[in-house]
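Engineer: Sequence and predicted model, in that order:
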Amino acid sequence: QVQLVESGGGLVQAGGSLRLSCAASGSIASINAMGWYRQAPGKQRELVATITGGGTTNYAGSVKDRFTISRDNAKNTVYLQMTSLKPEDTAKYYCNANVRLPLLSSYRDSWGRGTQVTVSS
């Protein structure tokens with residue numbers, strides 16, 4: 001089994017910064033892409049940012065130039081540095097990893113339980 005544990009969420013004023021972390025653990029052979037998604041109350045979960053194993057990144061337009069995704073492959077950890085936060089960034093942020101288990105050839109998505117980010121105006 002694979003566990004993804006997020007940390008770093010909290011309450012911050014508009015214009016502030018937060019850094020989210022997500023560590024993957026368990027029986028892992030390899031990890032392809034990792035990413036962050038978010039879901040605000042009454043809204044669908046949406047992509048925030050993704051990063052491949054080689055470091056190629058992709059961002060939602062609403063966070064580009066404010067958020068930076070990075071990863072430490074040796075630690076199976078992905079980070080999200082969030083700056084210039086806005087009230088509309090308020091959501092529960094979920095970590096995602098595309099993981100291959102030992103003895104299997106295919107990858108499957110794993111999800112963390114989420115960490116709350118609240119931005120006050």
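Structural biologist: Yes, it's here.
Engineer: in what helix or strand does the residue minimising distance to the centre of the chain lie?
Structural biologist: Residue closest to the average C-alpha location in the chain (Cα atoms, centre = their mean): Trp36, at 2.5 Å. Taking DSSP states H and E as the definition, one finds Trp36 inside strand 30-39.
Engineer: pLDDT score for Leu104?
Structural biologist: Per-residue pLDDT puts Leu104 at 86.
Engineer: Tell me which residues touch the residue lying closest to it once chain neighbours are set aside, please.
Structural biologist: Leaving out its chain neighbours, the residue that sits closest to Leu104 by Cβ to Cβ, 6 or more residues apart in numbering is Ala29, at 7.4 Å. Heads up, the C-betas are built off the backbone N, CA and C, glycines and all. Neighbour list for Ala29: 99-104 [criterion: Cβ atoms under 8 Å, 6 or more residues apart in numbering].
Engineer: Tell me the spacing between the nearest residue to the residue nearest to the centre of the chain once chain neighbours are set aside and Arg19.
Structural biologist: The spatial neighbour of Trp36 that comes closest, neighbours along the chain excluded (Cβ to Cβ, 6+ apart), is Val48 at 4.3 Å. In this view, Val48 and Arg19 are 14 Å apart by Cβ to Cβ, to the nearest Å.
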